[in-house]
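J.: A predicted structure for the sequence below; I have some questions about it.
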Amino acid sequence: MPEKVAAQGGFDAVICMGNSFAHLPDFSGMQKDQKLAISNFASFVKPGGLFVIDHRNYDYTVATGLTPDKNIYYNSKYVQDIKTSVLYQNGSPTMVTLDYTMDISEMLGSRDETDTVFAKSGRLSNAKAVNHFRLSYYPHLREKFRELILEAFDGKAEVTVYGDFAPLDEIKDPAFFIHVVEKSEK
């Protein structure tokens, strides 16, 4: 696919948002698949074009064992609790798991609707619709991720990192880092 896109001149912008890239696991410990994926993205971007990619603030999670309180992408008013786990292999963080508990009763409407939807699934608790789910991610750390991007672009790019779409010096403990990469014209 990269050859076909490059042959057509590439795209003005390639965007990978919503922390989706962090779902790509690193089984080798060398980020081989991540490097290949970002190199492919780099080949899709034409000179002067943009590559935009984000990831959660795993620096904060690895340092504190918690997730930042706010979330710019998700409606967190239904989140009751997030339990955070960090798995280390050979001294390096290799997986972050977030166990969510959400109360979505308000979204369902009447008690009869709630009974109908959740009674059979066993998720009806004290007249509340409580939902539990787990998400696991590879924890990209901000500076290492920036280096990964520069390597994939052969150093021929400018990378600006934002926190929750604001300059990093304007926000404390952002929920997400957004990397905006401008591919060099040459």
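T.: Received, thanks. Residues are numbered from 1 along each chain as shown.
J.: end-to-end on stretch 39-59?
T.: One end of stretch 39-59 to the other measures 23 Å (Cα to Cα, to the nearest Å).
J.: Report the buried residues of that stretch.
T.: 39, 41-46, 49-51, 53-59 (16 or more other Cβ atoms under 10 Å). (C-beta placed from N, C-alpha, C; glycine too.)
J.: And for stretch 27-34?
T.: 31, 34.
J.: quick one on the thing from earlier: show only the entries of the buried residues of stretch 39-59 found in strands.
T.: 45-46, 49-51, 53-56 (DSSP state E).
J.: ok, which stretches of the chain are helices?
T.: Here the chain has its helices, by DSSP state H, at 2-7, 32-44, 58-64, 105-108, 111-118, 142-152.
J.: Now the weakest link among those helices, please, by mean pLDDT.
T.: Per-segment mean pLDDT for these reaches its minimum on helix 111-118, at a mean of 52.
J.: For stretch 171-186, list the C-alpha coordinates in CSV.
T.: Taking Å, rounded to 0.1, in the frame of the first residue of the first chain, the C-alpha atoms of stretch 171-186 are listed here in CSV:
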residue,chain,number,x,y,z
ILE,A,171,-1.7,22.9,30.5
LYS,A,172,-0.8,20.8,33.5
ASP,A,173,-1.2,17.0,33.3
PRO,A,174,-3.1,16.9,30.0
ALA,A,175,-5.2,13.8,29.2
PHE,A,176,-3.7,13.4,25.7
PHE,A,177,-0.6,14.4,23.8
ILE,A,178,-1.2,15.4,20.2
HIS,A,179,1.8,15.2,17.9
VAL,A,180,1.6,17.5,14.8
VAL,A,181,4.2,16.6,12.3
GLU,A,182,5.0,18.7,9.2
LYS,A,183,6.9,16.8,6.6
SER,A,184,9.8,18.7,5.1
GLU,A,185,9.4,19.9,1.5
LYS,A,186,12.7,18.3,0.5
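J.: Report the contact partners of residue 81.
T.: 100-101 (Cβ atoms under 8 Å, 6 or more residues apart in numbering).
J.: again, 7 Å this time
T.: Taking Cβ atoms under 7 Å, 6 or more residues apart in numbering as the contact definition, residue 81 lies against residue 101.
J.: So what sits opposite it in the bridge?
T.: residue 101 (DSSP bridges).
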